[in-house]
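Chemist: quick one: sequence plus predicted model below, questions after.
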Amino acid sequence: HQQEIAIQKDHKSIYEKVRSHLNEHYFVPMTATILKQYSSQLLHDLNLSYFSPLSYNDQTLALKQAKKVVSIQRKIKKHHLILRVTDKGYNFYIGTEKEFDKKAQNFFQDTNAFIELKENPFNKIQDNVIHLLNQIRTKNFIFQWQYNKMMPNRIKCQLAHLYFNPKTHKDGIPVRPIENTINAPTTNISNYLDEIIRPIFDKECQNTTIIDGTSLIQALHQYMRKGLFKSTTLFCTFDIRNLYTMLPQEEALNVLVEFLHVHAYTKVKGIPLETIRLLASIVLKENVFVYGKKIYQQVLGGAMGSSFTLTLANIFMWKWQKELVRRQDMTCEYYGRYIDDVFMTWNKSENALKQILENANTWHPNIKLEYKIGKSLPFLDILLSNINGTLSTSVYHKPAAEPYVVPFISDHPRHVFENIVQTSLRRAIKYSSTFQLFNDETRYIKSTFLYNGYPSSFIDKTFRKFFSGYISSRSFLPFLDNERQFSQMRIALSGQPSRQQSQVEMRIATLTSDNDHLVEDLDKKEDFIIQENKKPNKLQHKLIIHYTHEKRFNKRKRDLHHIFQETFANTPIIETKLIVGNRNQKSTMKELIRKRPRLPVLKNKAKASMMNETEKNSL
């Protein structure tokens, strides 16, 4: 039965993608005979693949793993245990349900940000969201395509649910709340607000934002070039306690509007600021979730797990940190923030810095910071040290962290394992300030991968591939073996933006100095664009499909290409560049860690009257 479900899922995913692409770009009717032929051939191939017999070894391994999972599930149920993945790590944490629930209740009491509700308000929340969107659309405060984008999917819509991940790297193992808001009524509004406002924050706050470890190293090198780094320079790091759950909602909304005003925005993508405030308000105030068998509403802060909460927290901190930034600018010191973690340099007395930080703890009743000062401190995944006026940087590994990476035995395509090794090496090159530190990190990397079952020959081959161009092809060892090679490769990689830096640059690029008329034109010409789009474009010749990966499907990519070419030979469709990717199977972790409450608690029936009202408005 499971096999049949998997076949139907893969078939539907691939076929719908192909059918939609051919209809949009080649105007092939949805019911065309050629599409039915493709569907039939695809289904036949999937059946052959899924029902082909497994080798004896694979059968034995699968049965052994299935028994192990069932055994663990029984023990968890019998002894009332709870299994979670550790915060900022990949390790499992196991404890009693009673102990874990006590940690959760302590969090609720400490933050005082949640109230328990006696009734399920799902219908009311959904009604409120739809009513607001109808209201602002009627008044032309948003365009039709924005209305469609923010409207909740009434079929999939349900309450959010909360779970906690243990912070095993902190004393007492406190917990971090994570809210799953994927299908919540306000999620589409939250995602769209984040999409249009985060690029503004990225652009306007570049000088005080740390994107990742690479961007911090680059900023400190700039600080050094100004001659400001001395043997007496101190580092300071601090983090804000429970930032997401401590934002006063009304004040955060006011700061959001102030931020946009200060940066000369009267509208964002054609939406007036007062409407932005209304949309942001409903995201914050209609945040209701299920935890255990109870329903809670958040009355302070926003959902940790909602995309817009991150942007709102960043903007709130923009206001809070102004005085600190001003002081640092006056003395030419560095100030950078990564969400709720701050890094600063300091060249006066340590006591003077402590006084400023203690004072900063009084600026806002909800914002409390915990700081560290020294000449050698970790920040994110970097260890930074001031060694007699020389900046030393290296990869930082938390003492409590296990040396875990995706095990080689796991069922992933081969390129995934190569990418994991190469990502570790790229970070080692970028973060290591000396050849010695780099060598120390490569030894750590190799031992970590060996510990996780990677063959030594595979590791060496991947190392050699990564370093190709910088080491001799005749070299016996697949390593950089001198400082010159290391320096050349470090300079080359340091000039390349990290993935996170590229994402920020792409978001900023979506901003235009005068975007309102573009947005309005898009709305007015929506129907016209659909008609005019019948001209060739670059997307016409590119089609991306995905299948579910299993180790036994090693010929699946080739087979999917073959079916496509055989079906659409002698037609213009054959010019399409088919790109076949893969998705992973549901991991054992998801089988063992059950966090989602029962569906009846998350959802109740949508009212027919409201359904009819929204359908009329969307026409």
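Modeler: Good, I have the coordinates.

Chemist: spatially, which residue comes closest to residue 507, not counting chain neighbours?
Modeler: The shortest distance from residue 507 to any non-neighbouring residue, by Cβ to Cβ, 6 or more residues apart in numbering, is to residue 199 (4.2 Å). Where C-beta positions appear, they are placed from N, C-alpha and C, glycine not excepted.

Chemist: and the contacts of the one helix or strand the one you found maps to?
Modeler: For residue 199, the host element (DSSP states H and E) is helix 187-204. Helix 187-204 has contacts (Cβ atoms under 8 Å, 6 or more residues apart in numbering) with 129, 133, 146, 149-153, 181, 209, 256, 259-260, 263, 265, 268-269, 271, 276, 279-280, 282-283, 306-311, 314-315, 318, 504, 507-508, 510-511.

Chemist: one more time with 7 Å
Modeler: Here helix 187-204 makes contact (Cβ atoms under 7 Å, 6 or more residues apart in numbering) with 149-152, 181, 263, 265, 268-269, 279-280, 282-283, 306-308, 311, 314-315, 504, 507-508, 510-511.

Chemist: picking up where we left off before, how far away is the residue nearest to residue 507 from residue 509?
Modeler: Using Cβ to Cβ, to the nearest Å, residue 199 is found at 8 Å from residue 509.

Chemist: those two - which one has more neighbours?
Modeler: Neighbour comparison, residue 199 and residue 509: the larger count goes to residue 199, with 19 against 10 (by other Cβ atoms under 10 Å).

Chemist: which pLDDT value goes with the more buried one?
Modeler: pLDDT for residue 199: 97.

Chemist: for the closest residue to residue 62 other than its chain neighbours, give me phi and psi.
Modeler: Computed as Cβ to Cβ, 6+ apart, the closest residue to residue 62 that is not its neighbour in sequence is residue 54, at 7.0 Å. Main-chain dihedrals, residue 54, degrees, to the nearest 10: phi -80, psi 150.

Chemist: could you pull out the strands in the stretch 251-400 of the chain for me?
Modeler: Assigned by DSSP state E, counting those that start in this stretch, the strands in the stretch 251-400 of the chain fall at 267-268, 271-272, 288-291, 294-298, 335-338, 341-346, 369-374, 376-379, 382-387, 390-395.

Chemist: so can I have a markdown table of these showing distance to residue 177?
Modeler: Shown next, in a markdown table, are the strands of the stretch 251-400 of the chain (distance: least, Cβ to Cβ, whole Å):
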| stretch | distance to residue 177 |
| --- | --- |
| strand 267-268 | 29 |
| strand 271-272 | 30 |
| strand 288-291 | 9 |
| strand 294-298 | 10 |
| strand 335-338 | 19 |
| strand 341-346 | 18 |
| strand 369-374 | 18 |
| strand 376-379 | 24 |
| strand 382-387 | 27 |
| strand 390-395 | 29 |
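
Chemist: okay, those in a markdown table with mean neighbour count and mean pLDDT next?
Modeler: A markdown table is the format used below for those (neighbours: other Cβ atoms under 10 Å; pLDDT from 0 to 100):
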| stretch | mean neighbour count | mean pLDDT |
| --- | --- | --- |
| strand 267-268 | 18 | 96 |
| strand 271-272 | 18 | 97 |
| strand 288-291 | 22 | 93 |
| strand 294-298 | 19 | 94 |
| strand 335-338 | 20 | 98 |
| strand 341-346 | 21 | 98 |
| strand 369-374 | 14 | 96 |
| strand 376-379 | 17 | 98 |
| strand 382-387 | 18 | 98 |
| strand 390-395 | 18 | 98 |
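
Chemist: for those, which one sits closest to residue 244?
Modeler: With respect to residue 244, and counting by Cβ to Cβ, the nearest of the strands of the stretch 251-400 of the chain is strand 294-298 at 9.6 Å.

Chemist: mind showing which ranges of the stretch 301-450 of the chain have poor pLDDT?
Modeler: Judged by pLDDT under 70, the stretch 301-450 of the chain has no weakly predicted residues.

Chemist: that older thread, minimum distance to residue 169: which of the strands of the stretch 251-400 of the chain has it?
Modeler: Closest to residue 169 of the strands of the stretch 251-400 of the chain, according to Cβ to Cβ: strand 376-379, at 10.9 Å.

Chemist: and the closest one, what does it pack onto?
Modeler: strand 234-240 (3 or more Cβ pairs under 7 Å, 6 or more residues apart in numbering; DSSP states H and E).

Chemist: same thing but at 8 Å, please
Modeler: Applying 3 or more Cβ pairs under 8 Å, 6 or more residues apart in numbering; DSSP states H and E, one finds that strand 376-379 makes contact with strand 234-240, strand 382-387.

Chemist: spatially nearest residue to residue 35 (excluding sequence neighbours)?
Modeler: In space, and not counting its chain neighbours, residue 35 is closest to residue 19: 5.6 Å by Cβ to Cβ, 6+ apart.

Chemist: count of neighbours near residue 69?
Modeler: Other residues within reach of residue 69, judged by other Cβ under 10 Å, total 13.

Chemist: distance of it relative to residue 250?
Modeler: Applying Cβ to Cβ, the value for residue 69 to residue 250 is 48 Å.

Chemist: need the longest helix for the chain.
Modeler: helix 2-26 (DSSP state H).

Chemist: mind listing what's buried along that one?
Modeler: Buried residues in helix 2-26, counting neighbours by 16 or more other Cβ atoms under 10 Å, are found at 7, 10, 11, 14, 15, 18, 19, 21, 22, 25.

Chemist: and those, which two are furthest apart?
Modeler: Maximum distance among those (Cβ to Cβ): 27.3 Å, for 7 and 25.

Chemist: quick one: contacts for residue 603?
Modeler: 122, 157, 158, 159.

Chemist: following the lowest-mean-pLDDT helix or strand in the chain, which helix or strand comes up?
Modeler: Across the helices and strands of the chain, mean pLDDT, DSSP states H and E gives its lowest value to helix 526-532, namely a mean of 39. On the C-terminal side of helix 526-532, the nearest following helix or strand under DSSP H and E is strand 542-548.
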